[in-house]
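J.: predicted coordinates and the sequence they were generated for:
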Amino acid sequence: MLTHIKDLAIKLAPRLVEIRRHIHSHPELSGQEYQTAAFVAGVLSSSGIHVQEGVGKTGVIGELQGTGKDHRLLAIRTDMDALPIQERTGLEYASHTDGVMHACGHDVHTTVGLGTAMVLSQIADELGGKVRFLFQPAEEIAQGAYWMVKDGAMENVSAILGVHVFPSIPAGSIGVRYGALTAAADDLEITIIGESGHGARPHEAIDAIWIAAQVVTALQQAISRTQNPLRPVVLSIGKISGGRAANVIADKVQLLGTVRSLHPETRAHLPIWIDNIVGNVCNAYGAKYQVNYRQGVPSVQNDYSLTQLLQLSAEEAWSSDRVQVLPEPSLGAEDFSVYQEYAPGSMFRLGVGYKDRMINHPLHHPEFEVDESAIITGVVTMAYAGYKYWL
Ligand code: NI
């Protein structure tokens, strides 16, 4: 079966490169994936896959019934949205849309999802159960997975597989990781309210800017002294605004930030921990404050047996030196974790780096490029793992 799957994928290769380039040239921002969705639906239909459009706003679902009677439903998820970045690759198939670029490889993900669907549709009589292909919108704004779930994408799903490109692994290789793959990403908004006054007479005022500076410092220091260093927390204040004039003491400052963590227990106590520190600093100097902690997507936690399924499938398909067990998670975020609240899942990293280049630009870079030979690696790995799921 492995040889058969490889043959099918290799035969599809030119078409898949064409598909990827088409999607790459026509990137669409989160929640606006209208053309991409219609294109995906067309490819799926022409492979005899049952298609449902408009799932999760601009998402698409394809379903393929294998001949086996196993009741377990396997979902395979890819994402379709691009980023507000001006492409600078100079490729002949570079973005046709000003200021929008597939700089996170979601064009490759969509292609791998389609390729997997095309391959599996040709061996449907060998599949033990039903496969549901999820093509989700709006991953970059961490909303698409919620939209898909709300429209029933995870109903009856027993397991879910996903993929993300990774430029620091060479094309032809993949990375798997047991346990945490990405971080929980939460939003933080702190407002500090002091009292205005003359810049020459600070003692008559409550200086919100000075207190905000102390809050930022106190939070960073408290991480190093009060958080378990083996359970990382990253808190970055990315925006700070307040004040009125050079000689007027500021009465109000707003801080916006992101908070990343890997362990659910660590994450659970962060809102109170932050509130305490901000509150105590503000109280010490007579300021009022407000902390708004909004939970974003949870951490992607890869299921053991599904990760093993991916690792073994890839090792059989490619040899073990092309499969890396990743030693570290990333503190980036991925809304694949949202699906994992409904069924166990595992996401692998697909190497897309050029072996002969000194620099492979990182994700979200205007010159980010992928070695397209990775598409076949992704399709075979995903299709073979899918086939083996019911064995
Ligand atoms: Ni991405």
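T.: Everything's here; your move. Numbers count the residues shown, from 1 in each chain.
J.: now do the helices in this structure.
T.: 2-25, 34-46, 106-122, 144-150, 208-226, 264-285, 304-318, 336-339, 374-389 (DSSP state H).
J.: for the shortest one, which outside residues touch it?
T.: The list of residues contacting helix 336-339 from outside it, by C-beta atoms under 8 Å, 6 or more residues apart in numbering, reads 75, 77, 134, 145-146, 148-149, 153-154, 157, 160, 162, 182, 184, 297-301, 345, 347. Where you see a C-beta, it was placed from the backbone N, CA and C, and this is true even at glycine.
J.: kindly recompute the last result at 10 Å.
T.: 75, 77, 79, 134, 136, 139, 142-149, 153-154, 157, 160-164, 180-185, 296-302, 345-347 (C-beta atoms under 10 Å, 6 or more residues apart in numbering).
J.: same thing with the fourth one?
T.: The list of residues contacting helix 144-150 from outside it, by C-beta under 10 Å, 6+ apart, reads 30-31, 33, 55-61, 75, 77, 79-81, 134-139, 153-155, 157, 297, 334-342.
J.: now with 6 Å?
T.: When contacts are defined by C-beta atoms under 6 Å, 6 or more residues apart in numbering, helix 144-150 is touched by residues 56, 57, 59, 136, 137, 138, 335, 338, 339.
J.: once you drop chain neighbours, what's closest to the last one?
T.: With sequence-adjacent residues excluded and distances taken as C-beta to C-beta, 6 or more residues apart in numbering, residue 339 is closest to residue 160, at 5.0 Å.
J.: check contacts around residue 108.
T.: 165, 370 are the contacts of residue 108 under C-beta under 6 Å, 6+ apart.
J.: buried residues, stretch 337-350. List them.
T.: For stretch 337-350, the neighbour count (16 or more other C-beta atoms under 10 Å) marks 337, 338, 339, 340, 343, 344, 345, 346, 347, 348, 349, 350 as buried.
J.: relative to residue 113, which of those residues is nearest.
T.: Nearest to residue 113 among the buried residues of stretch 337-350, counting by C-beta to C-beta, is residue 350 at 11.8 Å.
J.: pLDDT wise, what is the closest one at?
T.: Per-residue pLDDT puts residue 350 at 98.
J.: tell me, how many neighbours does the residue nearest to it when sequence neighbours are not counted end up with?
T.: Closest residue to residue 350 apart from its sequence neighbours, by C-beta to C-beta, 6+ apart: residue 378 at 4.6 Å. Residue 378: 27 surrounding residues under other C-beta atoms under 10 Å.
J.: tell me which of the helices of the chain lies nearest to residue 196.
T.: Closest among those, using C-beta to C-beta: helix 208-226, at 8.8 Å.
J.: what does that closest one rub up against?
T.: With C-beta under 6 Å, 6+ apart as the test, helix 208-226 has contacts from 192, 194, 233, 235, 237, 242-243, 250-253, 277-278, 281, 285, 287.
J.: report the two of the residues you listed separated the most.
T.: Spatial extent of these (C-beta to C-beta) is set by the pair 233 and 251 at 30.6 Å.
J.: from residue 238, how far out is the residue nearest to residue 339?
T.: For residue 160, the distance to residue 238 equals 31 Å [C-beta to C-beta, to the nearest Å].
J.: so the two - more neighbours on which side?
T.: Using other C-beta under 10 Å as the criterion, residue 160 and residue 238 rank with residue 160 on top: 25 against 9.
J.: verify the contact between that one and residue 341 for me.
T.: No - taking contacts as C-beta atoms under 6 Å, residue 160 lies outside contact range of residue 341: 10.7 Å.
J.: most neighbours among the contacts of helix 208-226, which one?
T.: Sorting the contacts of helix 208-226 by how many neighbours each has (other C-beta under 10 Å) puts residue 192 first, at 29 neighbours.
J.: about what we covered before: and the contacts of helix 208-226, which of them are in strands?
T.: Members of those lying in strands (criterion: DSSP state E): 192, 233, 235, 237, 242, 252, 253.
J.: list just the nearest of these to residue 316.
T.: Using C-beta to C-beta, residue 233 comes nearest to residue 316 of the ones in strands among the contacts of helix 208-226, at 38.7 Å.
J.: quick check, that closest one in contact with residue 227.
T.: Yes - in terms of C-beta under 6 Å, residue 233 counts as a neighbour of residue 227; the distance is 4.8 Å.
J.: OK, contacts around residue 322?
T.: Contacts of residue 322 (C-beta under 6 Å, 6+ apart): 172, 173.
J.: pLDDT wise, what is it at?
T.: pLDDT for residue 322: 97.
J.: where's it relative to residue 259, distance?
T.: For residue 322 relative to residue 259 (C-beta to C-beta), the value is 36 Å.
J.: ditto for residue 367
T.: Look at residue 367 and residue 259: by C-beta to C-beta, they are 30 Å apart.
J.: and stretch 315-322, what's buried?
T.: Buried-residue list, stretch 315-322, by 16+ other C-beta under 10 Å: 315, 317, 318, 322.
J.: just stretch 76-95 next, same as before
T.: For stretch 76-95, the neighbour count (16+ other C-beta under 10 Å) marks 76-83, 85, 87, 89, 93-95 as buried.
J.: could the helices of the chain go into CSV alongside distance to residue 202 and mean pLDDT?
T.: Below are those laid out as CSV (distance: least, C-beta to C-beta, whole Å; pLDDT from 0 to 100):
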stretch, distance to residue 202, mean pLDDT
helix 2-25, 56, 98
helix 34-46, 56, 98
helix 106-122, 51, 98
helix 144-150, 46, 98
helix 208-226, 8, 97
helix 264-285, 11, 97
helix 304-318, 57, 97
helix 336-339, 46, 98
helix 374-389, 59, 98
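J.: what about stretch 116-136, how long is it end to end?
T.: 16 Å (C-alpha to C-alpha, to the nearest Å).
J.: same deal with stretch 69-81?
T.: The first and last residues of stretch 69-81 sit 35 Å apart, counting by C-alpha to C-alpha.
J.: give me the mean pLDDT for that stretch.
T.: On average, stretch 69-81 scores 97.
J.: what's the answer for stretch 356-364, then?
T.: 93.
J.: what's the first-to-last distance across it?
T.: One end of stretch 356-364 sits 21 Å from the other (C-alpha to C-alpha).
J.: quick one: it to chain centroid distance?
T.: 19 Å (C-alpha atoms, centre = their mean, to the nearest Å).
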